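**Q** the sequence and its predicted three-dimensional model are supplied below.
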Amino acid sequence: MADTLRNALKEIGITENAVQLVSDTSHEIANEMMQLTDYIDVLIPRGSGKFIKMVVNKAKVPIIETGAGNCHIYVDKDADLDKALPIIINAKVQRPSVCNAAEKVVLHKDIAEKFLPKLYQALKDNNVQVRGDERAVKIVSDIIPATEDDWYTEYNDYIIAVKVVDNLDEAIKHINKYNTKHSESIITENYAASRQFMKQIDAAVVYANASTRFTDGNEFGFGAEIGISTQKLHARGPMGANELTTTKYLVQGDGQIRE
């Protein structure tokens, strides 16, 4: 890719050195790059959560965090369950290894007994292992008991964990505790509930009645994507060219002075 970009720049009369590839992938070179504040404007680490935290702790160069995606889908008591099932299956199964795949499902207790057996079977049919809290295991005995670590884990695999809650407030509290501020979704026909969820959930992208898989620069119309920023300043969410450019003010005067 670097060679293709360099050749294209050269063909249109722009120095090919505007695009450069550091081919040495050693830790020593990476650590050196993190200190080059005179030469590098920003670093965008891509990789595991452990790797990104390492860069955050070591880098002197400003960074944009493209965080891990421990994404949740909350199915409210007023959800259309016919919508909920395909949304969850899409969010988990289409590409389970990506950061916008659903890793957790949170169910309101009023719909859990009716919906969870159907959800479990659909996930099982798609080779997804289901883990759950005590209330989920009581409803479907084949569900594997979840540990505390499960709630924090981004599986990137055919695994999902299910939590049953008493109300919307408990769902929001649970998600804000364990999420990675990436993408979260509520399934509900209750407009007030959807607005409360969208306002109170701390994440780069919050959905109502849609799959978390839409969190993508191309899907958002931003063109080629460099990552999903989970920071709050300045870029947050899918990042394309606009999010990676800076501002420069050009002021043409004719002798003006400030009074």
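**A** Thanks, I have the structure now.

**Q** go ahead and list the helix or strand containing K173.
**A** helix 168-178 (DSSP states H and E).

**Q** next SSE downstream of that helix?
**A** strand 183-187.

**Q** helices along the stretch 101-250 of the chain, start to end?
**A** Taking DSSP state H, counting those that start in this stretch, the helices of the stretch 101-250 of the chain run over residues 109-125, 134-139, 148-152, 168-178, 191-200.

**Q** okay, those helices in TSV with distance to Q256 and mean neighbour count next?
**A** The way it works is simple: take the backbone N, C-alpha and C, and place the C-beta from them, glycine included. Below are the helices of the stretch 101-250 of the chain laid out as TSV (distance: least, C-beta to C-beta, whole Å; neighbours: other C-beta atoms under 10 Å):
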stretch	distance to Q256	mean neighbour count
helix 109-125	66	17
helix 134-139	69	17
helix 148-152	57	14
helix 168-178	50	18
helix 191-200	45	15
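
**Q** for R6, find the nearest of those helices.
**A** helix 148-152 (41.5 Å; C-beta to C-beta).

**Q** mean confidence for that closest one?
**A** Averaging pLDDT along helix 148-152 gives 97.

**Q** now for that helix, which elements pack on it?
**A** Contacts defined by 3 or more C-beta pairs under 8 Å, 6 or more residues apart in numbering; DSSP states H and E place helix 148-152 against strand 159-165, helix 168-178.

**Q** I'd say A122 and I89 touch.
**A** Yes - using C-beta atoms under 8 Å, A122 makes contact with I89 at a distance of 5.7 Å.

**Q** need the pLDDT of E170.
**A** 98.

**Q** that one and N7: what is the separation?
**A** Going from E170 to N7 by C-beta to C-beta, to the nearest Å gives 56 Å.

**Q** what packs against the helix holding K173?
**A** strand 71-75, strand 102-108, helix 148-152, strand 159-165, helix 191-200.

**Q** how does it look with 10 Å?
**A** strand 71-75, strand 102-108, helix 148-152, strand 159-165, strand 183-187, helix 191-200 (3 or more C-beta pairs under 10 Å, 6 or more residues apart in numbering; DSSP states H and E).

**Q** which stretch among these comes nearest Q231?
**A** Per C-beta to C-beta, nearest to Q231 of the helices and strands packed on helix 168-178: strand 183-187, 14.5 Å.

**Q** the closest one pairs with which strands, parallel or anti?
**A** Note on strand 183-187: by DSSP bridges, its sheet partners are strand 71-75 (parallel), strand 205-208 (parallel).

**Q** of those, which stretch is the most buried?
**A** Among these, the stretch with the highest mean neighbour count (mean count of other C-beta atoms under 10 Å) is strand 71-75, at a mean of 27.

**Q** list the contacts for P238?
**A** 100, 183, 204-205, 214-223, 225-229 (C-beta atoms under 10 Å, 6 or more residues apart in numbering).

**Q** sounds good, over and out.
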